[in-house]
Structure formats: structure tokens, C-alpha cells
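In: Predicted model follows, preceded by the sequence.
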Amino acid sequence: MKYACGLDYLYAEGAFVWGDYAINQEKESGQPVLRLQIGQPDFPPHRLVRQAIAEAYLEGKTGYGSTLGLEPVRKEVAKEVQRYYKKAKISKDNIAITSGGGKAAICVICRALINKKDRVLVPCYDYPGHLGGISDAGGIWLPYKLLEKKNYDIDVSDLEKQIKKIKAKFVFLLSPSNPTGGVASYQSLERLAFLANKFDLTIITDEIYRGHVFEEKFLSILDFPGMAKRTVIIDGPGKRNCLPGIRVGYIIGPASFIDGPVKKISNVRFSCPPTPEQLGLAKTINHPQVIKYIDEMKNEFKKRRDYVVKTLNTIPGIFCPNSGGAFYVFPNILKTGYTGEKFAKKLLKEKNVCVLPGESFGGGMRDPETGKPYGTYSIRISIASSIETLKEALKRIRDLIVKK
Ligand SMILES: Cc1ncc(COP(=O)(O)O)c(C=O)c1O
């Protein structure tokens, strides 16, 4: 059988490959692997959410729905996300629900906006799903820098330089970030909003971790003047409501964008999002107990973040910037003498701990200053594991480095 051309260019996500390595290592060593490579909350969905989804199934509500999602569900999602914005107004007309999680939202958005060979600016450490979506649409990604010393805030002067250099039309924004845990500062967002208005940019902003911002309140670029007509948001219940496996996502954008290209592409790709999951979500995402649960989970992640960042910074050769949100830390390990790739492999083989090499988030882009691929000397650690697991994993990381 001959396969279609262009598949080599499709960019796939590494976290799942390392998940397979972890399974093999468990088989070979006969010992469990501490899995700090995957980005899913280690909390179950709230009981009310589970019950509501199960009820929808038991009541046999398993028929087709509408392409953009059922109207009452879109209304509830609009109400839920509205809580996170200071100024922007979100109604059901700004919401599309996808089948296939936030990842499907990314692919639909990219297909709707990006033409073949369009150049798209992305953060130099980016969630690979964005690159998957850009490659699926035939676009080309180019990096703008994040500042390790400023907890991975955007390097706005580099971003401005890149916007001018490539005459950019699109900028991806990711805050809080996977892999870095970085949260874009008010000043960075304000400046990017100014640039977007000046250069007529479309901003594709991934806010899937907006429920997990530790220090301040979540801030979206959508809240800045002039941004409503040029901002499209990737979102979904997977991280906030601990439901990554139901594969539902949200797209938030201008009503004409949602009812136009998003509707058409969604129709072609998946007809409509899953009905029982939508009904379960609609019943519960605005329930006070569910909202409180998300907050409690965030506080637990903050405690782990405090512990992990502090401990990593006591290990010789490691520098770990603070992580302001999501559930990741992205330490620099240059001074240990390892690359992220070598370190992750050795850690898995010798200590049964699975983390991801930073390069998995660099999309093959190179830092012009060092000539090396972005992320060469970093690793991503997910803190979505109990504090006991994290303690044990950090002990093994220390052992590996100290006994080198
Ligand atoms: C930044 C970011 N966006 C989107 C997604 C995709 O989410 P989903 O599992 O809902 O497809 C992820 C998943 O890890 C992510 O980290």
C-alpha cells in the first residue's frame, strides 16, 4: 500500500512515545516506573461530573447532536469560561465544542486560519500539539524566545523582531505553559496586544491551563482593547475538570469564525462532539462544588510546585525557574553535563523515573545564540503525581547526578 505524501512532515507528540518507553522499562526491570512524563491531573473528576456523564449514558442519550455542540451546553460553557475574563464578553455564539479534545480544537483552528507555507510564530518551547496542528495545515513554525531567567515570560523584544522579520500574520501564545509552567506577565500581554493591533495579527492563544494559575488571577490577551476580533482561544475541560480521556475541547472566538470555518471543518472532521459527555458537563461545570474542587486542586498543585522547585534548586547543576501555573516545571540541567535526552534515558534505565527531554518541546527549532535545538539542556517534569511520588523521584534524580 502506498501512503499519502506529507506524512513525514506531520509533527507528533513525544509524551506518548515516552509512555511506551516507561512500559518497556517496567517489563525489563520488573519494577514500577514513576511516571512524571504525562500531563494529566492525578485527581479524579468531581463525583457530580462523573455521575452526570454516567446518567446521560444510562438514560440512553447517545444520539447525534449539533456540529458546534448542543446549544444549552454551549451556553453553560460560555458561562463557565466567562468567569476567567475581566472585560471580554463571551456568549454561546463564541463557543464551539470539539470531539477530540483541545488537540482537535488546535487542528480545527489551524485548518481554518493557516494556508500552506504560512509562517507562524510559536514560543521556543511549545506544546507539540500546536506544531502538529500547524503541520497538518501545511504551515511552517518559527520561534520567538521565552526568558528562562524571568520564569519563562515572553521575550517581547524578540517577538517584535520576529513579527517584523517574517511579516507574521499569526502568533501562538501559551499561558500557563506546557512545558515551562510559565505565565505571561501583564506587561508582555499588553505589548503583544499593541503589536497585534499595529500589525494586524491573529493571536491563537492556548488557555487550557487557565484554571491552574498559582500566584495571580488568570489574565487573557482577550481582555486587552481591540483583541476580541483577532483572538482565537484553545480550551477544554480535560485539565480543569480532570477529564482528558473524554476527548472534548472548546474553541472560543469571534461568532462569525465559529459559525463559519469552525462549523464547516468540524462537520467534515467529526460531525458533532459526543452527546453524553456534553450533557454531563453542562449539568455540572458551573456547580459551586465543582468550582471549589478545581480551586482545591490548584492549591494542591501549588504546594507541590513549591516543594519541587525548591528541591530541584538544591541539586548540584540544576537551575529550575519558578513555575507560575499548569502542572509542570522545566529545569535547566546544563551544568550537570547531561543533555535532556541523555538524562531522561539514563534516569529511566537506571532509576525507573520517566521525565521528558526538553527537546521534545523545541520542534526542531534552533537557538541562534547557541546553535543548539531549543530545550537541549532542559527536562520537563510533570507534578501531577502525589507528593510522596515526587519526593521519591527527586531523590532518585539527585542520586543520579551526585553519583555521576
Ligand atoms: C497546552 C496544551 N494544549 C492542549 C492540550 C490538549 O488537550 P486535550 O488532552 O484536551 O487534547 C494539551 C495537552 O497536554 C496541552 O498541554
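Out: Yep, that arrived.
In: Could you report the neighbour count for the nearest residue to Val248 once chain neighbours are set aside?
Out: Distance criterion CB to CB, 6 or more residues apart in numbering; nearest residue to Val248, sequence neighbours excluded, is Glu277 at 5.3 Å. C-beta: built from backbone N, CA, C; applies to glycine. Look at Glu277: counted by other CB atoms under 10 Å, it has 23 neighbours.
In: Please name the residues that touch the residue of the stretch 1-150 of the chain found nearest the ligand.
Out: Per CB to the nearest ligand atom, Gly101 is where the stretch 1-150 of the chain lies closest to the ligand, at 2.6 Å. By CB atoms under 8 Å, 6 or more residues apart in numbering, the residues touching Gly101 are 236, 238, 244, 247-249.
In: repeat for Ile381
Out: 36, 308, 312, 328-331, 355, 393.
In: Can you add secondary structure and give those residues back as a markdown table?
Out: Listed next are the contacts of Ile381 as a markdown table, based on DSSP: H, G, I helix; E, B strand; the rest coil:
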| residue | secondary structure |
| --- | --- |
| Leu36 | coil |
| Val308 | helix |
| Leu312 | helix |
| Tyr328 | strand |
| Val329 | strand |
| Phe330 | coil |
| Pro331 | coil |
| Val355 | coil |
| Ala393 | helix |
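In: Identify the farthest-apart pair in these.
Out: Greatest spatial distance among the contacts of Ile381 (CB to CB): Phe330 and Ala393, at 15.4 Å.
In: Neighbour count: those two, which is higher?
Out: When neighbours are counted by other CB under 10 Å, Phe330 and Ala393 differ, and Phe330 comes out ahead with 27 against 23.
In: Give the full set of residues in contact with that one.
Out: By CB under 8 Å, 6+ apart, the residues touching Phe330 are 125, 152, 179-182, 320-321, 323, 358, 378-381.
In: can you check Leu68 too?
Out: 74, 95-97, 258-259, 262-263, 266.
In: Which of the three states applies to Val309?
Out: Val309 is classified as helix under three-state DSSP.
In: Need the pLDDT of it.
Out: pLDDT for Val309: 98.
In: same question, His46
Out: For His46, pLDDT reads 98.
In: got it, and Lys404?
Out: 66.
In: Can you tell me which residue is spatially central in this protein?
Out: Closest residue to the average C-alpha location of the chain: Asn178 at 4.8 Å, with CA atoms, centre = their mean.
In: Would you mind confirming that that one is in contact with Gly325?
Out: No. Counting by CB atoms under 8 Å, Asn178 stays clear of Gly325, with 9.8 Å between them.
In: Between the two, which contacts overlap?
Out: Common neighbours of Asn178 and Gly325 (CB under 8 Å, 6+ apart) are Tyr209.
In: Please, a PyMOL command that selects the buried ones among the contacts of Ile381?
Out: Burial among the contacts of Ile381 is assessed by 16 or more other CB atoms under 10 Å; the matching PyMOL selection reads:
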select buried, resi 36+308+312+328+329+330+331+355+393
